[in-house]
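Enquirer: Let me see the structure of the following:
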Amino acid sequence: QVQLVESGGGLVQAGGSLRLSCAPSGIVFSMGDLDWYRQAPGNQRELVAHSSAGGASTNYADSVKGRFTISRDDAKNTAYLQMDNLKPEDTAVYYCYAKVKREIGQFEYGYWGQGTQVTVSA
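Expert: You can find the predicted model right below:
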């Protein structure tokens with residue numbers, strides 16, 4: 001079983017920045033499509049950013065366009081979410097979701113991270 005581990009969350013003032021990371025806990029062959037989601041208390045989980053396999057294309061929720069950047073280092077099988085100009089409404093638990101191929105020749109399966117808390121103070 002693959003476990004994705006996120007890091008980089010914390011408390012920051014409005015206008016500040018944070019960089020989230022997400023990587024498998026063990027050795028995997030490759031990561032394909034990957035997403036960052038967030039869920040604020042009382043709200044549904046929402047898609048924040050998407051990167052296609054290899055990073056050929058990216059998409060963002062309108063609420064974060066121009067402030068958040070999704071990136072990846074496929075050599076390290078690691079995903080990132082750079083968050084700039086943070087706002088109090090960005091406060092949420094952030095989750096990564098990735099399609100992972102554990103070994104060459106296997107199918108890709110989707111896995112979730114455990115989440116990391118981001119809190120933005122006014």
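
Enquirer: Need the nearest residue in space to Val120, chain neighbours excluded.
Expert: For Val120, the nearest residue in space outside its immediate sequence neighbours is Leu86; the separation is 4.5 Å by Cβ to Cβ, 6 or more residues apart in numbering. The way it works is simple: take the backbone N, C-alpha and C, and place the C-beta from them, glycine included.

Enquirer: Quick one: residues contacting that neighbour.
Expert: Counting by Cβ atoms under 8 Å, 6 or more residues apart in numbering, Leu86 makes contact with Val12, Ala14, Gly15, Gly16, Ser17, Leu18, Arg67, Val118, Val120.

Enquirer: Hmm, the fifth one is touching Met83, no?
Expert: Yes - taking contacts as Cβ atoms under 8 Å, Ser17 lies within contact range of Met83: 6.2 Å.

Enquirer: Nearest the geometric middle of this protein, what residue?
Expert: Taking Cα atoms, centre = their mean, the centroid of the chain lies closest to Trp36, which sits 3.3 Å from it.

Enquirer: Report the buried residues of whichever strand or helix holds that one.
Expert: When elements are assigned from DSSP states H and E, Trp36 belongs to strand 30-39. Judged by neighbour count (16 or more other Cβ atoms under 10 Å), strand 30-39 contains these buried residues: Ser30, Met31, Gly32, Leu34, Asp35, Trp36, Tyr37, Arg38.

Enquirer: who's the fourth one bridged to?
Expert: With beta bridges defined as DSSP bridges, Leu34 has these partners: Ser51, Ala98.

Enquirer: gap between the residue nearest to Val120 and Ala61?
Expert: Note on Leu86: its distance to Ala61, by Cβ to Cβ, to the nearest Å, is 14 Å.

Enquirer: what's the answer for Gln39, then?
Expert: 13 Å.

Enquirer: same thing with Val100?
Expert: Applying Cβ to Cβ to Val100 and Ala61 gives a distance of 23 Å.
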